[in-house]
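Asks: Fold the following, please.
(one chain, ligands or ions: 2)
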Amino acid sequence: MLTVRAFTFNPVEENTYVLYNENNRCCIIDPGCYFPEERDELKTFLEEESLSPILLLNTHCHLDHVFGNKFIYDTWKLPLHLHEKEKSMLDLAPASGQMWQLPFDNYEGPLVYLKPGEKIKIDDDELEIRFTPGHSPGHVCFYHEAGGFVISGDVLFNGSIGRTDLPGGNYDVLINSIQTQLFTLPDETKVYPGHGPMTTIGFEKMNNPFVKLY
Ligand SMILES: [Zn+2]
Ligand SMILES: [Zn+2]
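Replies: Ligands and ions are numbered 1, 2, ... in the order given. Now for the predicted structure:
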């Protein structure tokens, strides 16, 4: 089973996740580390826990989620895994960086495209790819059934949902993604979002003002 460790990085306060197993192998999801001290914090954690990173994943490629991709690649030679429809978002990220006065060096290594329904492995542990567009065109969530959690990126937050006014965003598509890809998970499933504190599927079904079912 995978253990979750969260970091909150960069001025946009994005959550970066490290998921690791009993063999000390881990994946890094949405490395938002922008400042050198944030990169050091992530690297020091991995070294202190003797973790070997084997996978680099992006839920989507808005700038706050991709700042550290190049650092991860340069340090551990991990190719970036993302949905094909996020390639254009990744290409736009440096221009948004300029616009937000957060310039950065974009990832330019190989791209591996994730397929909806595909299960990617960290040894015996599986992450199921759930296709959840609406906040961005190729957004995916990572569901770890055995551990009862989902990494939800910027689709579903504690008490809120992702914005839909950015390029490729669509409100109806987002609501549909939440209802068909996330609210179909067991109520007790823990939700680790791209911003803010964790929540559960059951709590959001009851309380989320944007998508509540009751
Ligand atoms: Zn986003
Ligand atoms: Zn974000």
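
Asks: What segments of the protein are strands?
Replies: Ranges of strands in the chain, per DSSP state E, are 3-9, 14-20, 25-29, 52-57, 80-82, 111-113, 119-122, 125-131, 140-144, 149-153, 156-157, 160-161, 190-193, 199-200.

Asks: Point out the most buried one among the ones you listed.
Replies: strand 149-153 (a mean of 28; mean count of other CB atoms under 10 Å). Yep, even glycine has a C-beta here, placed from its N, CA and C like the rest.

Asks: which strands and helices sit next to that one?
Replies: Here strand 149-153 touches strand 140-144, strand 190-193, going by 3 or more CB pairs under 8 Å, 6 or more residues apart in numbering; DSSP states H and E.

Asks: Skip the chain neighbours and tell me the closest residue to the residue nearest the centre of the chain.
Replies: Nearest to the mean C-alpha position of the chain, by CA atoms, centre = their mean, lies residue 59 at 3.8 Å. When the adjacent residues along the chain are set aside, residue 59 lies closest to residue 153, with 2.9 Å between them (CB to CB, 6 or more residues apart in numbering).

Asks: what's the spacing between that neighbour and ligand 1?
Replies: 7 Å (CB to the ion, to the nearest Å).

Asks: Quick one: residues contacting that residue.
Replies: Listed by CB atoms under 8 Å, 6 or more residues apart in numbering, the contact partners of residue 153 are 30, 59, 60, 65, 132, 135, 139, 140, 141, 162, 193, 194.
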